[in-house]
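**Q** With the input below, show me the fold.
(one chain, ligands or ions: 1)
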Amino acid sequence: MTFKQTLWAAALLLILSGACFGQTLREYADRAGVLVGAAAEPRLLEEPEYASTLAREFNMLTAENALKWGAIRPTRERFNFEPGDRLVAFARAHKMKVRGHCLAWSEYNPRWLEKGSFTPEQMSELLREHITKVMRHYRGKVFAWDVVNEIFLADGSVESSVWYDQPGIGLKGKGTAYVEQALRWARAADPDAQLFYNDYDTEGINPKSDAVYAMVKDFRSRGVPIDGVGIQAHIVDLEAKDLATIEQNLARLAALGVQIHITELDVGLPSGAGQPDAAALKRQAEIYRRIADACLRQPKCTAFQTWGFTDKYTWIPGYTKGAKGAPLPFDAAYKKKPAYDALLEAFRRRR
Ligand code: XIL
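**A** Residues are numbered from 1 along each chain as shown. Below is the predicted model:
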């Protein structure tokens with residue numbers, strides 16, 4: 001065989017192996033016309049296995065922290081776009097879409113903002129300016145934004161926060177009016193971006209998802225710009241009782257004409273002695289499959305994302321003080337877990 005023939009033979013072998021086995025989540029998602037994503041950290045892109053897994057398996061990414069106030073706005077005057085820009089460049093190089101997270105949240109804010117003793121007028125101006133500058137910077141690069149994140153308590157009431165009432169942006173006591181204001185500023189900043197409200201513990205029907213539904217219904221009826229609802233899906237209850245009504249919840253949101261994105265899925269397992277056993281991994285896989293199926297069977301559910309992708313880098317052990325861990329589809333050595341196989345199967349069937 002000549003050198004050229006050898007090259008052709010190698011290329012053919014690669015194509016054939018891709019077609020027969022070797023399928024990835026990303027390939028099935030592309031074929032189904034849905035987005036499959038993961039939250040990522042710019043500094044980890046330096047790690048070859050992290051970067052290659054991310055690019056191979058996902059057609060979308062989001063900044064786990066890099067676009068939050070606490071990261072992007074170290075001082076009142078200075079915006080640090082560099083880490084976010086690195087994620088965007090990686091996404092572009094690998095033909096992935098970028099989801100933006102997030103423009104207004106009660107957490108992960110810089111000290112200067114929280115301790116600044118600003119008046120509501122100043123807070124209003126700061127938020128308007130922030131939304132405008134960040135969205136304009138990422139215009140044409142970030143296709144959808146979590147404009148406002150996590151405003152409700154479990155009972156469906158609006159939680160106290162810097163943006164609502166401490167001191168708030170001048171709409172204290174007016175429920176979701178501050179979300180409406182943020183959405184209007186966001187639409188003006190980038191009319192092409194899809195605007196989302198994002199929250200946790202809102203998978204099934206419960207008082208909190210009722211509140212999200214009521215807010216979106218109100219916004220849609222009054223022409224307030226909202227294009228979608230993000231359902232975080234940090235699953236804590238391995239019995240997954242709340243998932244019994246996930247289809248109904250997605251259906252009622254879809255009926256309002258908005259899209260749904262599953263935005264932060266992970267399923268923490270109890271960190272007993274050593275690695276999770278086969279039964280725990282199977283239970284975890286069932287939950288992944290359940291949520292993927294619910295999303296993929298609902299035409300308005302257009303994106304499915306996990307919060308990280310490898311157990312090597314996950315916020316769960318830190319957040320639960322070591323009580324839980326191993327919440328993601330790849331283990332700490334980037335080996336596929338049963339949860340990955342369950343996702344692959346759900347995306348394959350969707351085709
Ligand atoms: C978490 C990150 O994963 C952590 O690294 C960080 O320390 C705190 O925030 N809901 C959200 C996400 O909307 O932004 C949070 O991400 C997890 C809960």
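**Q** where does this structure dip in pLDDT?
**A** 1-22, 273, 351 (pLDDT under 70).
**Q** What residues does it have near the ligand?
**A** Glu64, Asn65, Tyr108, Asn149, Tyr200, Gln232, Glu264, Trp315 (C-beta under 6 Å from any ligand atom). Quick note: C-beta positions are derived from backbone N, CA and C, even for glycine.
**Q** Which two among those are spaced furthest apart?
**A** Greatest spacing in the residues of the chain next to the ligand, by C-beta to C-beta: Asn65 and Tyr200 (16.2 Å).
**Q** Spit out the contact partners of the residue of the stretch 251-351 of the chain found nearest the ligand.
**A** Nearest to the ligand in the stretch 251-351 of the chain, going by C-beta to the nearest ligand atom, is Trp315, at a distance of 3.4 Å. Trp315 sits next to Glu64, Trp307, Gly308 when contact means C-beta atoms under 8 Å, 6 or more residues apart in numbering.
**Q** among the residues you listed, who's most crowded?
**A** Neighbour counts for the contacts of Trp315 (other C-beta atoms under 10 Å) peak at Gly308, which has 24 neighbours.
**Q** got a list of what that residue touches?
**A** So Gly308 contacts Ala38, Ala39, Ala40, Glu64, Asp266, Thr314, Trp315, Leu328 (C-beta under 8 Å, 6+ apart).
**Q** Please flag which of those residues sit within helices.
**A** Using DSSP state H, no member of those falls within helices.
**Q** nearest to Asp277, of the residues you listed?
**A** Leu328 (17.1 Å).
**Q** Helices of the stretch 201-350 of the chain, residue ranges please.
**A** Along the stretch 201-350 of the chain, the segments classed as helices by DSSP state H, counting those that start in this stretch run 207-221, 246-254, 278-296, 316-319, 338-350.
**Q** Make JSON lines out of the contacts of Trp315 and add distance to Tyr138.
**A** Listed next are the contacts of Trp315 as JSON lines, based on distance: C-beta to C-beta, whole Å:
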{"residue": "Glu64", "distance to Tyr138": "16"}
{"residue": "Trp307", "distance to Tyr138": "20"}
{"residue": "Gly308", "distance to Tyr138": "21"}
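**Q** The residue nearest to Gln298 when sequence neighbours are not counted and Val162, how far apart?
**A** Closest residue to Gln298 apart from its sequence neighbours, by C-beta to C-beta, 6 or more residues apart in numbering: Leu250 at 4.5 Å. According to C-beta to C-beta, to the nearest Å, Leu250 and Val162 sit 31 Å apart.
**Q** Pull the contacting residues for the most centrally placed residue in the chain.
**A** Central residue of the chain (C-alpha atoms, centre = their mean): Thr263, 2.9 Å from the mean position. Residues in contact with Thr263, defined by C-beta under 8 Å, 6+ apart, are Thr62, Arg99, His101, Asp146, Phe196, Asn198, Gly230, Ile231, Gln232, Ala233, Ala303, Gln305.
**Q** quick check, Leu103 in a strand?
**A** Yes - according to DSSP: H, G, I helix; E, B strand; the rest coil, Leu103 belongs to a strand.
**Q** residue contacts, Leu328?
**A** By C-beta under 8 Å, 6+ apart, the neighbours of Leu328 are Asp266, Thr306, Trp307, Gly308, Phe309, Thr310, Asp311, Thr314, Lys337, Ala339.
**Q** of these, buried ones?
**A** Neighbour-count burial (16 or more other C-beta atoms under 10 Å) is assigned, among the contacts of Leu328, to Asp266, Thr306, Trp307, Gly308, Phe309, Thr310, Asp311, Thr314, Lys337, Ala339.
**Q** What about those residues, which are in strands?
**A** Asp266, Thr306 (DSSP state E).
**Q** which ones are touching Leu126?
**A** Going by C-beta under 8 Å, 6+ apart, Leu126 touches Arg76, Leu113, Phe118.
**Q** Going through these, which ones are buried?
**A** Counted by 16+ other C-beta under 10 Å, the contacts of Leu126 give Leu113, Phe118 as buried.
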